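In: No letters, just coordinates:
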């Protein structure tokens, strides 16, 4: 049997100041009836129709005889006229999306996800591919290198040239970073890992590599193996930004440059902790989502939505393990981890949408609700990330209470049973597997906390491990929970979140402001006869008792309106956790089994200094 001819791609920086890539695809034996080319409308891991085709500026075709007609037949597909010999389609693609989901090009760097730039010849998605990465010609790019986990064909390490993939699906699952990046390396699980850091920074990459090495080693140990031969963290440091997207052997991360530690920084502050949690989250996805995935994703149909009610587990469990990996690997102490859990509980309790939408419904509606939130979202939407992580915590402690298993065992079982290509997780499989591991029926757990809107009984479950859960009102707009109150608490509540310029960013449906007739996007002008400022509103709520009525003047659109607001008692929706010093030995043993022994770390990996 003849070896199939690869589909050949080429990408070059056509005009960096105009943010234009030139991207071509060549098919040696095009469809005799006219070859169709398709572009994905979304990228795996980010559940929103992105419409990448909107960035295609021009598209032309050529065959052995010269220019060939090509026409658009749908928003995401084009059809070329019947061709003689090899057919090449070339597009100019606008690339100025700084996120981790699409493509970016300017005079300082280039980056792309294949889904945003590479057309797929219909009927040839399973063929091998090659892609020529063409070096920019501008002088500023003279020190640019390439960071990707695509397989090198004739390209030197970190260099331009030809790369390969076994299929279109693999081709678009290895994003490419090009620029003058810093590079650090470490080994975990016997596997080489790299960090390519782009953007102006003063980061201590040696420390970042050391900390990530411990986290990666712990995750590899959890599953018993690394599912890749090398791994790459592509990190872009900016002034403002945050996000990550997982891939099969790499992740693209966007963070603020002040989230990265500098040499001599004494401890892990909240900013760096946020970065480590993000990196840990995306790394865990190498198992949970990239290989253990919902059956609904097999195979991916990137032309339309892929519905599943399981994102609460695939994103929620990952959100549970991202910070848990930090404490179990010894990067942070248990007390710091409990602070993070308290913040997550706080964020969930502050969303009345959790009583309306279940995490299973949130998963299914991710395409139209979670990624398209408006001012009413707090009243109608629950995060399958945040509440999903609390469901994961509750399930872990519920399984541990049986004395038979833990969520670790469930993840390892999913890895053993569904971590192979072509094997997906059916919609009810996790509930059935949990009951199997527990040795008893856990259907009520899933009915109440996954398919229903009940809050998991975390206080009771944590108490069995010698951890107390306390609730209090928020002390101010910047209070994220996780700690005891550091100042005086308000006596009353407006039932609304006041944003910049005194605009109501969100109004709780059953709160005081809503009862009075105020709406999201109203702009407060005066409260109790005085100019509305953040400080004055805070002072007012600290002094007024529940039930007191205040007069609020606000603009709605360009119309001035007046409202009489009867204030509520402040909700006890701010959580903090603490280790119970009076816990008995059995509870301490259970807590140690959950979080790991104090000071414990993953098996010592190795890290190298950055170049």
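Out: Looks like it arrived, so ask away. A quick note: this is a predicted structure, and the numbers were derived from the prediction, not measured.

In: my guess is residue 245 contacts residue 282, does it?
Out: Yes. Applying C-beta atoms under 8 Å as the test, residue 245 and residue 282 come out as touching, 7.1 Å apart. C-beta coordinates here come from the backbone N, C-alpha and C atoms, glycine included.

In: Now name the helix or strand holding residue 417.
Out: helix 407-418 (DSSP states H and E).

In: now for that helix, which elements pack on it?
Out: Contacts defined by 3 or more C-beta pairs under 8 Å, 6 or more residues apart in numbering; DSSP states H and E place helix 407-418 against helix 205-223, helix 316-328, helix 386-401, helix 429-438.

In: Could you save those helices as a markdown table and add columns showing mean pLDDT?
Out: Compiled in a markdown table, the helices and strands packed on helix 407-418 are given as follows (pLDDT from 0 to 100):
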| stretch | mean pLDDT |
| --- | --- |
| helix 205-223 | 97 |
| helix 316-328 | 98 |
| helix 386-401 | 98 |
| helix 429-438 | 98 |
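
In: Go through those and pick out the most buried.
Out: Highest mean neighbour count of these: helix 316-328, a mean of 26 (counted as mean count of other C-beta atoms under 10 Å).

In: Bridged to residue 67, which residues?
Out: For residue 67, the beta-bridge partners under DSSP bridges are residue 62.

In: residue contacts, residue 63?
Out: With contacts defined as C-beta atoms under 8 Å, 6 or more residues apart in numbering, the neighbours of residue 63 are 30, 83, 84, 85, 86, 87, 88.

In: swap that for residue 369, please
Out: 357, 362, 377, 380, 381.

In: One more pass at 10 Å, please.
Out: Taking C-beta atoms under 10 Å, 6 or more residues apart in numbering as the definition of contact, the neighbours of residue 369 are 353, 357, 361, 362, 377, 380, 381, 382.

In: ok, the second one to residue 548 distance?
Out: In this case it means residue 357. Residue 357 sits 33 Å away from residue 548, going by C-beta to C-beta, to the nearest Å.

In: same question for the strand or helix carrying residue 504, mean pLDDT?
Out: If you go by DSSP H and E, residue 504 is part of strand 504-507. Here strand 504-507 scores 96 as its mean pLDDT.

In: For it, buried residues please.
Out: Under the neighbour-count criterion of 16 or more other C-beta atoms under 10 Å, strand 504-507 has 504, 506, 507 buried.

In: Tell me if I'm right that the first one and residue 521 touch.
Out: Yes. Distance between residue 504 and residue 521: 6.4 Å, which falls inside the contact criterion (C-beta atoms under 10 Å).

In: and residue 24, that one's in a helix?
Out: No. Under DSSP: H, G, I helix; E, B strand; the rest coil, residue 24 sits outside any helix and is assigned strand.

In: and residue 517, what does it touch?
Out: If you count contacts by C-beta under 10 Å, 6+ apart, residue 517 has them with 552, 554, 556, 561, 562, 563, 564, 565.

In: Throw the buried residues of strand 504-507 into CSV and include distance to residue 399, thanks.
Out: CSV is the format used below for the buried residues of strand 504-507 (distance: C-beta to C-beta, whole Å):
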residue, distance to residue 399
504, 42
506, 36
507, 39
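
In: just those now: which is nearest residue 173?
Out: Nearest to residue 173 among those, counting by C-beta to C-beta, is residue 506 at 36.6 Å.

In: hang on, the earlier thing: can you list which of the contacts of residue 63 are found in strands?
Out: By the criterion of DSSP state E, membership of these in strands covers 87, 88.

In: among the contacts of residue 63, which two are most distant?
Out: 84 and 88 (12.2 Å).

In: just the buried members of the contacts of residue 369?
Out: Taking 16+ other C-beta under 10 Å as the criterion, what is buried in these is 353, 357, 361, 362, 377, 380, 381, 382.

In: of the residues you listed, closest to residue 233?
Out: For the buried ones among the contacts of residue 369, the closest approach to residue 233 (C-beta to C-beta) belongs to residue 362, at 28.6 Å.

In: And what about the closest one, helix, strand or coil?
Out: Residue 362 is classified as helix under three-state DSSP.

In: Quick check: closest non-adjacent residue to it.
Out: Here the nearest residue to residue 362 in space, its sequence neighbours aside, is residue 384; by C-beta to C-beta, 6 or more residues apart in numbering that works out to 4.4 Å.

In: now do residue 257
Out: Once flanking residues are discounted, residue 257 sits nearest to residue 237: 4.0 Å by C-beta to C-beta, 6+ apart.

In: thinking again about what came up before, I'd assumed residue 320 was in contact with the residue nearest to residue 362.
Out: No. Under the criterion of C-beta under 10 Å, residue 384 lies out of contact with residue 320, with a separation of 11.9 Å.

In: Now do the shared contacts for those two.
Out: Here residue 384 and residue 320 have 313, 391 as joint contacts, going by C-beta under 10 Å, 6+ apart.

In: For residue 366, which non-adjacent residue is spatially closest?
Out: Per C-beta to C-beta, 6+ apart, closest to residue 366 is residue 47, 4.3 Å.

In: cool, and residue 52?
Out: Leaving out its chain neighbours, the residue that sits closest to residue 52 by C-beta to C-beta, 6+ apart is residue 116, at 4.6 Å.

In: Report the separation between that neighbour and residue 149.
Out: Per C-beta to C-beta, residue 116 is found 17 Å from residue 149.

In: Comparing these two, which residue is more hemmed in?
Out: Regarding residue 116 and residue 149, a neighbour count based on other C-beta atoms under 10 Å identifies residue 116 as having more, with 26 against 21.

In: Which of the three states applies to the more buried one?
Out: Secondary structure state of residue 116, per three-state DSSP, is helix.

In: could you give me the average pLDDT of the helix holding residue 417?
Out: Averaging pLDDT residue by residue across helix 407-418 gives 98.

In: Quick one: the helices in the stretch 401-550 of the chain, in order.
Out: Along the stretch 401-550 of the chain, the segments classed as helices by DSSP state H, counting those that start in this stretch run 407-418, 429-438, 443-449, 458-463, 512-516, 534-543.

In: Out of these, which one sits most buried?
Out: Scoring the helices of the stretch 401-550 of the chain by mean neighbour count under mean count of other C-beta under 10 Å gives helix 512-516 as the most buried, with a mean of 22.
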